[in-house]
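**Student:** sequence plus predicted model, see below.
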Amino acid sequence: MVTQNMVTEINLNQRGKINRHTKAFDLKVNSRICRVLIFTAVGLSSCQSATLFGQTDDKRVSQSSSSISDSLAQETDYDPLFISKSEVKSELFVVEDKQRKRKIPLKVYLPPEKKPSPVVFFSHGLGGNRETCPYLGKHWAGRGYVCVFIQHPGSDDSIWKNAPLRERMQNMRQAANGENLQLRFEDVVAVIDQLEKWNKESSHPLEGYCDMEKIGMSGHSFGAITTQGVSGQSFLGETRSTDSRIKAAVIFSPSAPRVGRPESAFGKVQFPWLLMTGTNDISPIGNIDVQNRLSVYPALPDTGNKYELVLHEAEHSAFADRALPGERSNRNPNHHRAILAITTTFWDAYLKADPEAKTFLQSSEKIRNYLETDDRWQHK
């Protein structure tokens, strides 16, 4: 058990271990593990930030995926921003993990057609919930994916929404600990387990919707670290937190361990990874700088399925729905356009095995149609 003293000693940057689906991970935290598994603390979910700090909603919200798609005229048959006019519906569920006595809320966006479809999971940032980043869920679902947005108790909006304004940031910092990260890893495992069962239950609303052989994982900020942990990052030289059912990952605002070399953490990642960050992507909790985020991609192996997008002047909230307090740059509507286009192409390439999407993804010329001049794109 991680105690508060342990968390304080390592400046709230220690992260926990996992997993009950693949290899068992020793839950005892000793000084050596604490030193090796220190992760940079993560930023709050910008989807919740306005309420968190007692502000009104930011009005500079990016264009919706539908209006973006309608405005495009690409000179190609493959257009990742095109979605059908059919309505995307969503359902709310709760996974009851009886073994851990834990309830995990979900929001599931469903594709218009009921048939076995690839499944994409999303893990929110610190202080967020299952309502985070609906622009992603609606667009991906419109492209034929079952999108499962997970809410993680203990690092969700429950840590601040009923607290006095002056205590909210401190509550956020206290929640950025190894115990909560471990719980998040286990949440992902539990939700995949439950989805496999629901998909076979004739009386369940999700019955027959999910192709459980094609699973993608994604997340922002604390959710990015969650995603890294279940999709190939090494701990103490071993990928003990990895769930082999995941086939590809999209990581918004990645971060490297503060202790140890990034190559040790990321050098064994075999999954297709798409990293997205910005030149102003600095976390309000943990003092994560841009250099730390940019250190992840070079540490990944050259396997032909690793990608990185760096959006010019994008801040930490660029991947969510509204700005964070203290951010100075105006929100750029083209950022969401680029995010939707490239993530969709990535899912199509690696979850649907679409050869046209993969060719598109590895063509800098085609990808740059969705980017601005100073945005950076690379793959290896």
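**Tutor:** Yep, that arrived.
**Student:** quick one: secondary structure of residue 182?
**Tutor:** The three-state label given to residue 182 by DSSP: H, G, I helix; E, B strand; the rest coil is helix.
**Student:** and residue 289, what does it touch?
**Tutor:** residue 282 (C-beta atoms under 8 Å, 6 or more residues apart in numbering). For every residue, glycine as well, the C-beta is placed using N, CA and C.
**Student:** so residue 113 touches residue 144, yeah?
**Tutor:** Yes: contact criterion C-beta atoms under 8 Å: residue 113 and residue 144 qualify, at 7.4 Å.
**Student:** the two: who's more crowded?
**Tutor:** Set residue 113 next to residue 144 and count neighbours by other C-beta atoms under 10 Å: residue 144 wins out with 19 against 10.
**Student:** roughly how far apart are that one and residue 119?
**Tutor:** Using C-beta to C-beta, to the nearest Å, residue 144 is found at 11 Å from residue 119.
**Student:** what's the answer for residue 182, then?
**Tutor:** From residue 182 to residue 119 the distance is 23 Å (C-beta to C-beta).
**Student:** more neighbours, the two?
**Tutor:** residue 119 (28 against 21).
**Student:** can you name the residues that contact the more buried one?
**Tutor:** Applying C-beta under 8 Å, 6+ apart, we find residue 119 in contact with 145-148, 195, 210-212, 214-216.
**Student:** so which of those is the most crowded?
**Tutor:** The most crowded member of those, judged by other C-beta under 10 Å, is residue 147 (29 neighbours).
**Student:** how near is the nearest residue to residue 221 once chain neighbours are set aside to residue 86?
**Tutor:** Once flanking residues are discounted, residue 221 sits nearest to residue 125: 3.5 Å by C-beta to C-beta, 6 or more residues apart in numbering. Distance of residue 125 to residue 86, computed by C-beta to C-beta: 30 Å.
**Student:** those two: which has the busier surroundings?
**Tutor:** Per other C-beta under 10 Å, whichever of residue 125 and residue 86 has more neighbours is residue 125, with 34 against 10.
**Student:** okay but that one is in contact with residue 133, surely?
**Tutor:** No: counting by C-beta under 8 Å, residue 125 stays clear of residue 133, with 9.2 Å between them.
**Student:** please, which helix or strand holds residue 304?
**Tutor:** If you go by DSSP states H and E, residue 304 is not part of any helix or strand.
**Student:** let me see the contact set for it.
**Tutor:** With contact taken as C-beta under 8 Å, 6+ apart, residue 304 is in contact with residue 380.
**Student:** same thing with the one 4 residues further on?
**Tutor:** When contacts are counted by C-beta under 8 Å, 6+ apart, residue 308 is found next to 274-277, 297, 376-379.
**Student:** let's see 6 Å
**Tutor:** Contact partners of residue 308, counting by C-beta atoms under 6 Å, 6 or more residues apart in numbering, are 275, 297, 378.
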